[in-house]
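Participant: okay, structure incoming, though there's no sequence with it:
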């Protein structure tokens, strides 16, 4: 069937709904371009995200390599002006399953006709067992076609996550069923297995290269799991663990750095709880590619918690690691003094940065929080500089003087809130209470470690502005 007349919106939508549509590549490109302009997006990637399609699908449609989903075209119809509806002329409309199931249906029908239903099912089972089943497919694909396997699995998980996001009840039901069947640590174990099989990144590769040069008699295992904790590098000598190491990439943001350090500290506590007390290295670069120094107050906090900071771009620091492994000495005065000298050296620059941050106007989310506080009769002090015991500073997004409470806000990044709350609770000259507000959280907020850090360092945490406002109104 093709559309040759009746170009009204309703008529077109009725005919293409739940169908597949064949259209020339020229018409497709013009329709897509018109809808992109209507949506006021600059990049095709942004267009795909808003229209809920992949870039690869878009490319196929633009080149006329496959039929187009009618429901997607329905969105296009609503975006473009009516005078452009002539572009739908002579479009061929097909059944929803056309192309995808055509060959499969014919094959199945022919086999059922040949063997009957019972014979067909028996043949299907025998074929599955002979090939090793679905598990063997995974092994074969991983070995022979890793790139294709990765792409297939990525699409499967993306589709699964989309289903979960659309239906929260489905997610709760599915999660409950899995936990009942495999135990409450099922998802944690999946995450650990994924971390174990993860590739060594560039920074980790550079650190391991240095380690092998320094300690030729020691074996190094990367991404090793101990007591349900995944570690970047484990030092093994004579089948005995003699040290562990976490490798941290370059970070520009102090709060996110402290969030990652809190994760590392929790790993150390788990190891010690299980009786493994060995040197624990935190290895990173002192100077980042952006010519910024690593946050030395973070290093001092690690030293206070018996974690040893090592800088790969400072020769004396690498020698410190060598002495600790060879002599098992824990004299960290040189690292401590170095970090304190860097903080002192950058004191004036740090204070200038704090003043700029305090004088910066509220963004839309910060302003919303301020308005909610004032609406409920709470006096706000605006942004405030808070000094740490290491003579560094953080700036709160708002401050309630009467309650001695610092408020930290982020649109999506929980790490930014938790890092600041940690500093406010543990490292200030005058500790304060903390409130954390996240506007639109990412899925990482459901991680077990994140929930634990919220309990440790945040007095009150809100998952959206409505929750925050409702709590204040109910006081």
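Facilitator: Right, received. Where do you want to start? Model, not experiment: these values are computed from the prediction. Residues are numbered from 1 along each chain as shown.
Participant: all contacts plus neighbour counts: C-alpha atoms, from now on.
Facilitator: Will do.
Participant: please tell me how far the residue of the chain positioned farthest from its centre sits from residue 468.
Facilitator: No residue in the chain sits farther from the centre than residue 114, which is 51.3 Å out by CA atoms, centre = their mean. Separation of residue 114 from residue 468 (CA to CA, to the nearest Å): 66 Å.
Participant: cool, and residue 448?
Facilitator: 23 Å.
Participant: neighbour-wise, which of those two wins?
Facilitator: Shown here are residue 448 and residue 468; by other CA atoms under 10 Å, residue 468 has more neighbours (20 against 10).
Participant: three-state assignment of residue 406?
Facilitator: strand (DSSP: H, G, I helix; E, B strand; the rest coil).
Participant: so the nearest residue to it once chain neighbours are set aside, which state does it fall into?
Facilitator: In this structure, residue 406 finds its nearest non-sequential neighbour in residue 399, 4.7 Å apart by CA to CA, 6 or more residues apart in numbering. Three-state assignment for residue 399 (three-state DSSP): strand.
Participant: one more: the one 10 residues further on?
Facilitator: Each residue gets one of three states, and residue 409 gets strand by three-state DSSP.
Participant: so the residue lying closest to it once chain neighbours are set aside bridges to which residues?
Facilitator: Leaving aside its sequence neighbours, residue 409 sits nearest to residue 437 (CA to CA, 6+ apart; 4.9 Å). Legend: beta-bridge partners of residue 437 under DSSP bridges are residue 409, residue 462.
Participant: tell me, how many residues neighbour residue 437?
Facilitator: 25.
Participant: could you measure from it over to residue 450?
Facilitator: Taking CA to CA, one finds residue 437 at 14 Å from residue 450.
Participant: ditto for residue 406
Facilitator: For residue 406 relative to residue 450 (CA to CA), the value is 20 Å.
Participant: tell me which of these two has more neighbours.
Facilitator: residue 406 (27 against 18).
Participant: tell me if I'm right that that one and residue 432 touch.
Facilitator: Yes. Using CA atoms under 8 Å, residue 406 is in contact with residue 432, at 6.6 Å.
Participant: overlap in contacts of the two?
Facilitator: residue 424 (CA atoms under 8 Å, 6 or more residues apart in numbering).
Participant: now for the helix or strand where residue 93 lies, which elements pack on it?
Facilitator: For residue 93, the host element (DSSP states H and E) is strand 91-94. Packing partners of strand 91-94 (3 or more CA pairs under 8 Å, 6 or more residues apart in numbering; DSSP states H and E): strand 2-3, strand 20-22.
Participant: tell me which helix or strand comes right after the last one.
Facilitator: Same thing as strand 20-22. helix 25-39.
Participant: following that following helix, which helix or strand comes up?
Facilitator: helix 44-51.
Participant: how far is the helix or strand following that next one from where the chain is centred?
Facilitator: Once the chain leaves helix 44-51, the next helix or strand it forms, by DSSP H and E, is helix 55-62. Here helix 55-62 is found 26 Å from its chain centre; the criterion is CA atoms, centre = their mean, to the nearest Å.
Participant: so which residues make contact with helix 55-62?
Facilitator: Under CA under 8 Å, 6+ apart, the answer for helix 55-62 is 25, 26, 28, 29, 44, 45, 48, 66, 67, 68.
Participant: and what of stretch 142-151?
Facilitator: 138, 141.
Participant: buried stuff in it?
Facilitator: residue 149 (16 or more other CA atoms under 10 Å).
Participant: worst average pLDDT in the helices and strands packed on strand 91-94?
Facilitator: Ranked by mean pLDDT, these bottom out at strand 2-3, with a mean of 44.
Participant: ok, and what's touching the helix or strand following it?
Facilitator: Next in sequence after strand 2-3, counting helices and strands by DSSP H and E, comes helix 9-16. With contacts defined as CA under 8 Å, 6+ apart, helix 9-16 is touched by 6, 70, 71, 73, 74, 77, 78, 82, 85, 93.
Participant: okay, the fourth one and residue 92: tell me how far apart.
Facilitator: I take that to be residue 73. Applying CA to CA to residue 73 and residue 92 gives a distance of 13 Å.
Participant: mind checking which of these two has more residues around it?
Facilitator: residue 73 (22 against 17).
Participant: buried sites along the helix or strand hosting residue 220?
Facilitator: Taking DSSP H and E as the definition, one finds residue 220 inside strand 219-226. Within strand 219-226, the residues that qualify as buried are 219, 220, 222, 223, 224, 225, counting by 16+ other CA under 10 Å.
Participant: format those as JSON lines; extra columns: distance to residue 61.
Facilitator: Putting the buried residues of strand 219-226 into JSON lines (distance: CA to CA, whole Å) gives the following:
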{"residue": "219", "distance to residue 61": "52"}
{"residue": "220", "distance to residue 61": "49"}
{"residue": "222", "distance to residue 61": "43"}
{"residue": "223", "distance to residue 61": "42"}
{"residue": "224", "distance to residue 61": "44"}
{"residue": "225", "distance to residue 61": "45"}
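Participant: I'd say residue 32 and residue 77 touch.
Facilitator: No. Assessed by CA under 8 Å, residue 32 is found out of contact with residue 77, at 10.4 Å.
Participant: tell me which residues are up against stretch 364-374.
Facilitator: 379, 380, 382, 397, 398, 409, 411, 439, 465, 469, 472.
Participant: pretty sure the first one sits against residue 401.
Facilitator: Yes. Applying CA under 8 Å, one finds residue 379 in contact with residue 401, separated by 7.5 Å.
Participant: residue contacts, residue 204?
Facilitator: With CA under 8 Å, 6+ apart, residue 204 has these contacts: 232, 247.
Participant: if we go to 6 Å?
Facilitator: Taking CA atoms under 6 Å, 6 or more residues apart in numbering as the contact definition, residue 204 lies against nothing.
Participant: relative to strand 219-226, how tilted is whichever strand or helix holds it?
Facilitator: Residue 204 belongs to helix 202-214 when elements are defined using DSSP H and E. Helix 202-214 and strand 219-226 are oriented at 130 degrees to each other (axes from the mean of the first three to the mean of the last three CA atoms, to 10 degrees).
Participant: tell me, how many neighbours does residue 465 end up with?
Facilitator: 17.
Participant: same thing with residue 13?
Facilitator: 18.
Participant: same question, the one 5 residues further on
Facilitator: Neighbour count of residue 18, defined by other CA under 10 Å: 17.
Participant: who's in contact with it?
Facilitator: Contacts of residue 18 (CA under 6 Å, 6+ apart): 70, 71, 96.
Participant: output the below-cut-off pLDDT ranges for the stretch 201-350 of the chain.
Facilitator: 250-252, 289-291 (pLDDT under 70).
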